[in-house]
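S.K.: just need the structure, nothing else, for what follows:
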Amino acid sequence: MAVVKTGGKQYLVKENDDIYVDRLPHAVGDEINLDTLLSGNFDDTDIEVGTPSLLTQVKAQVMENVKGKKIHIVRFKAKVRHRKRQGFRPYLTKLKIIQI
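M.R.: Okay, here's the model as predicted:
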């Protein structure tokens, strides 16, 4: 298992996992390397911690670029009859972890 960082967020991954991250500028089928912050077997005491990251990198493959579920933003001000509703669908990239 490992903790990787991409898009300003951290993800706990293991081999053959599928994760959705913020859109990356890579084509479908490309292999990319992700920065590894922590890796090892978390059941034992065999853990490597990076300062801030390890020299080894996690390999992942871009599976698809998709749009996520719609997120609704609602603003409300009491006593002045002000309501505003807004929404958007984030662009995401699906990654498959190949090697840690």
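S.K.: any idea which residue sits dead centre in the protein?
M.R.: residue 21 (3.4 Å; CA atoms, centre = their mean).
S.K.: any idea which helix or strand in the protein has the lowest mean pLDDT?
M.R.: Across the helices and strands of the chain, mean pLDDT, DSSP states H and E gives its lowest value to strand 46-49, namely a mean of 84.
S.K.: quick one: contacts of that one?
M.R.: The contact list for strand 46-49, computed with CB atoms under 8 Å, 6 or more residues apart in numbering, reads 37-41, 54. In this view, the C-beta of every residue, glycine as well, is placed from N, C-alpha and C.
S.K.: what residues are up against residue 1?
M.R.: If a contact means CB under 8 Å, 6+ apart, then residue 1 has 12-14, 39-42, 100 as its contacts.
S.K.: got it, and residue 18?
M.R.: Under the contact definition (CB under 8 Å, 6+ apart), the residues listed for residue 18 are 63, 94-97.
S.K.: per-residue confidence, the residue nearest to residue 50 when sequence neighbours are not counted, what does it come out as?
M.R.: In space, residue 50 comes closest to residue 37 once its chain neighbours are excluded; the distance is 5.2 Å by CB to CB, 6 or more residues apart in numbering. pLDDT for residue 37: 91.
S.K.: residue 40 now?
M.R.: The predicted local distance difference test score for residue 40 is 86.
S.K.: who's it bridged to?
M.R.: Here residue 40 sits in beta bridges with residue 47, going by DSSP bridges.
S.K.: equivalent analysis for residue 77, please.
M.R.: With DSSP bridges applied, the residues forming beta bridges to residue 77 are residue 82.
S.K.: count of neighbours near it?
M.R.: 9 (other CB atoms under 10 Å).
S.K.: now it: how far from residue 83?
M.R.: Residue 77 is 8 Å from residue 83, where distance means CB to CB, to the nearest Å.
S.K.: swap in residue 6?
M.R.: Using CB to CB, residue 6 is found at 36 Å from residue 83.
S.K.: more crowded one of those two?
M.R.: More neighbours sit around residue 6 than around the other of residue 6 and residue 83, counting by other CB under 10 Å; the figures are 18 against 9.
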